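**Q** predicted model and sequence follow; I will ask about them next.
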Amino acid sequence: MSPNILLIMADQLAAPALPAYGHPVVRAPNLDALAARAAVFEAAYCNFPICAPSRFSMLSGRLPSAIEAWDNACEFPATVPTMAHYLRAAGYRTLLVGKMHFIGPDPLHGFHERRTTDIYPADYAWTPDWSRSPNDKPTGISMRGIVEAGPCARSLQIDYDEEVAHQSVRRLWDLARAPREAPFFMVASFTHPHSPFTIGQRWWDLYRHEDIALPSVPEIPYEALDGHSRWLYHAHGRDLHRVTPEHVRRARHAYYGMISYVDDKVGQLLAVLEQSGLDRDTVVVFTGDHGEMMGERGMWFKQTFNEWSARVPLMVSWPGTAAPRRVREVVSLVDLLPTLLGIADPTGGVSPVDPLDGRSLVPLLRGEVAEGEGLAISEYTAEGVCAPSRMGRQGRWKYVHTEGLPPMLFDLEDDPRELRDRAGETSLRAIERALHRRLLEGWDPRDIARRVVDSQRRRLFLKA
């Protein structure tokens, strides 16, 4: 029988903030233990640096523009097959616990059962309006989450994740006690460490405030920002609050505590697997939907293609099959559907009914192929911008195209902090052209802009 699969998700967790990815201060012992027995992907990217489209893309194995997942208020059509549908077809019992940010009337999208509600609106309340400039803030995003950061007694997010952990633990024990008639696929999805940056005193006290370093890249003056970052400067209301170094330190302190909190929840789930014996036959995948800028470059939240926003943790533990290793190959979240289907259905009896944009990572997990020149594509068309954006990461190069703005090109090996834009350099002309051609293949930014604006107009009318 195929192995069980447990997919654990965190929200807004930047890969560089985890000790498994080199962070010197953050404490996440359960994720460290998982990483020690997993394939750890060092260059994994989300396909859209904001919640709902990233998750829809991951679940469907298709890029956001292919399923018209434009923003956090776009309906996820029930006609789009997901990894839950495909694993059901492969004979799995599929369960969802926690956040998935589904928009529309279908709360399941292929899962047999769901043990919690979502934490965010499932309607058109957060529809952006590009006609109102980047200052349009349907979600109410602002710097308040930074200037008010600190310890708290309780929060909505803590309430939610306590329930997610409780239901996940309870359901895993139910599955362990029952006769094994079919393997299970469970998603346990937490909302931490998503802003606002508040956490219980116990988790705050794990860190000495003097050990919280300020960002490695200080705030970049407005006049030196690229066009996309200028849009986000206004969208995030950075001109409306004075953010001091102490505000920054407190927000980062809280974020570290939030990571330790969700790490504890991960540990609860892994403990059930071990105590019940399920660990011997359960593939465990840990990832996030996007990152968090954490004050790097003076920026916060996500919505940008910088590394702290777009790069996500990805660990896959496959007992008895995949040896622990560090994988440098560039991958993205759309690769998860074909990977999980390859694990669940190795003979290929279940075929995708739509062309997938991801590829199976099973050969990499098994060590059957050498690492090559993988390509990760990420898109952005949500609030805070006024035109379609797309990023491509291949090898050492990251290329960004935003319609109407100059392109950007970064060498992440020589310049991991993305401080030197190499676009336009004569010696790199061939590389830039090749990445530009690949990035715009099948993606016409003018057509995308038209479809985005049409969708916004329809949804804003219905919302009103």
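**A** The structure has been received and is ready for your questions. Numbering: from 1, shown residues only.

**Q** show me where pLDDT drops low in the stretch 351-464 of the chain?
**A** Counting by pLDDT under 70, the stretch 351-464 of the chain contains no low-confidence residues.

**Q** hey, where'd the helices end up in it?
**A** Counting by DSSP state H, counting those that start in this stretch, the stretch 351-464 of the chain has helices at residues 362-366, 429-439, 445-463.

**Q** cool, and the stretch 201-350 of the chain?
**A** 201-204, 227-235, 245-276, 307-310, 336-344.

**Q** got the contact list for the second one?
**A** This means helix 227-235. The contact list for helix 227-235, computed with CB atoms under 8 Å, 6 or more residues apart in numbering, reads 133-137, 141, 220, 222, 225, 239, 297, 299, 303-305, 383-386, 389, 400, 402, 404-406. Where you see a C-beta, it was placed from the backbone N, CA and C, and this is true even at glycine.

**Q** buried set for that helix?
**A** Across helix 227-235, burial judged by 16 or more other CB atoms under 10 Å covers 228-229, 231-235.

**Q** coming back round to it: right, and the helices of the stretch 351-464 of the chain - which one's nearest Pro64?
**A** Set against Pro64 and scored by CB to CB, the helices of the stretch 351-464 of the chain come closest in helix 445-463, at 10.1 Å.

**Q** alpha carbons of that closest one, as CSV, please.
**A** The C-alpha trace of helix 445-463 is given here as CSV (Å, rounded to 0.1, in the frame of the first residue of the first chain):
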residue,chain,number,x,y,z
PRO,A,445,1.2,41.0,-19.9
ARG,A,446,-1.3,43.2,-21.8
ASP,A,447,-3.8,40.4,-22.0
ILE,A,448,-3.2,39.5,-18.4
ALA,A,449,-3.9,43.2,-17.4
ARG,A,450,-7.1,43.2,-19.4
ARG,A,451,-8.3,40.0,-17.7
VAL,A,452,-7.4,41.3,-14.2
VAL,A,453,-9.2,44.6,-14.6
ASP,A,454,-12.3,42.8,-16.1
SER,A,455,-12.3,40.5,-13.1
GLN,A,456,-11.9,43.3,-10.7
ARG,A,457,-14.8,45.3,-12.3
ARG,A,458,-17.2,42.3,-12.1
ARG,A,459,-16.3,41.4,-8.5
LEU,A,460,-16.4,45.1,-7.3
PHE,A,461,-19.9,45.4,-8.8
LEU,A,462,-21.1,42.2,-7.0
LYS,A,463,-19.4,43.3,-3.8
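
**Q** run the angle between that helix and helix 429-439 for me.
**A** Angle of helix 445-463 versus helix 429-439, following axes from the mean of the first three to the mean of the last three CA atoms, to 10 degrees, is 40 degrees.

**Q** buried stuff in helix 445-463?
**A** Applying a neighbour-count criterion of 16+ other CB under 10 Å, the buried positions in helix 445-463 are 445, 448-449, 451-452, 455-456, 459-460.

**Q** who touches it?
**A** The contact list for helix 445-463 (CB under 8 Å, 6+ apart) reads 65, 68, 70, 73-74, 123-125, 127-131, 381, 387-388, 390, 401, 403.

**Q** make it 7 Å
**A** 65, 68, 70, 73-74, 124-125, 127-130, 381, 387-388, 403 (CB atoms under 7 Å, 6 or more residues apart in numbering).

**Q** for stretch 122-139, same thing?
**A** Contacts of stretch 122-139 (CB under 7 Å, 6+ apart): 71-73, 102-104, 231, 234-235, 382-386, 453, 456, 459-460, 462-463.

**Q** ranges for the helices of the stretch 1-150 of the chain?
**A** Ranges of helices in the stretch 1-150 of the chain, per DSSP H, counting those that start in this stretch, are 29-36, 51-60, 83-89, 144-147.

**Q** for the third one, packing partners?
**A** In this structure, helix 83-89 makes packing contacts with strand 93-98, helix 336-344, judged by 3 or more CB pairs under 7 Å, 6 or more residues apart in numbering; DSSP states H and E.

**Q** try 8 Å this time
**A** helix 51-60, strand 93-98, strand 184-189, helix 336-344 (3 or more CB pairs under 8 Å, 6 or more residues apart in numbering; DSSP states H and E).

**Q** cool, and the first one?
**A** If contacts are counted by 3+ CB pairs under 8 Å, 6+ apart, helix 29-36 sits against helix 245-276, strand 282-288, strand 314-317.

**Q** can you give me the angle the second one makes with helix 51-60?
**A** This points to strand 282-288. Going by the same axes, to 10 degrees, strand 282-288 makes 150 degrees with helix 51-60.

**Q** tell me the angle strand 282-288 makes with helix 29-36.
**A** Going by the same axes, to 10 degrees, strand 282-288 makes 120 degrees with helix 29-36.

**Q** what of the first one?
**A** Following the same axes, to 10 degrees, one obtains 60 degrees for the angle between helix 245-276 and helix 29-36.

**Q** average model confidence for helix 245-276?
**A** Computed over helix 245-276, the mean pLDDT rounds to 98.

**Q** tell me the angle it makes with strand 184-189.
**A** Here helix 245-276 points in a direction 160 degrees away from that of strand 184-189 (the same axes, to 10 degrees).

**Q** what helices or strands is helix 245-276 leaning on?
**A** strand 4-10, helix 29-36, helix 144-147, strand 150-152, helix 156-177, strand 198-200, helix 201-204, strand 282-288.

**Q** sketch out the low-pLDDT regions of the stretch 201-350 of the chain for me.
**A** Applying pLDDT under 70 to the stretch 201-350 of the chain picks out no residues at all.

**Q** quick revisit: out of the helices and strands packed on helix 83-89, nearest to Ala430?
**A** For the helices and strands packed on helix 83-89, the distance to Ala430 is smallest for helix 51-60, at 30.0 Å, taking CB to CB.

**Q** any residues touching that closest one, and which ones?
**A** Taking CB under 8 Å, 6+ apart as the rule, helix 51-60 contacts 11-12, 46-48, 63-64, 67, 69-74, 76, 80-84, 100-103, 109, 120, 289-290, 333-334, 336-337, 354, 379, 382.

**Q** hmm, 6 Å instead?
**A** Helix 51-60 is contacted from outside by 46-48, 64, 67, 69, 72, 76, 80, 82-83, 100-101, 289-290, 333-334, 336, using CB atoms under 6 Å, 6 or more residues apart in numbering.

**Q** geometric centre of the chain: which residue is closest?
**A** Asp289 (1.6 Å; CA atoms, centre = their mean).

**Q** Gly372 versus that one, what's the distance?
**A** Distance, Asp289 to Gly372, using CB to CB, to the nearest Å: 26 Å.

**Q** re the thing from before, of all the buried residues of helix 227-235, which two lie farthest apart?
**A** His228 and His234 (11.6 Å).

**Q** give the buried residues for stretch 404-419.
**A** Of the residues in stretch 404-419, 405, 408-412, 418 count as buried by neighbour count, 16+ other CB under 10 Å.
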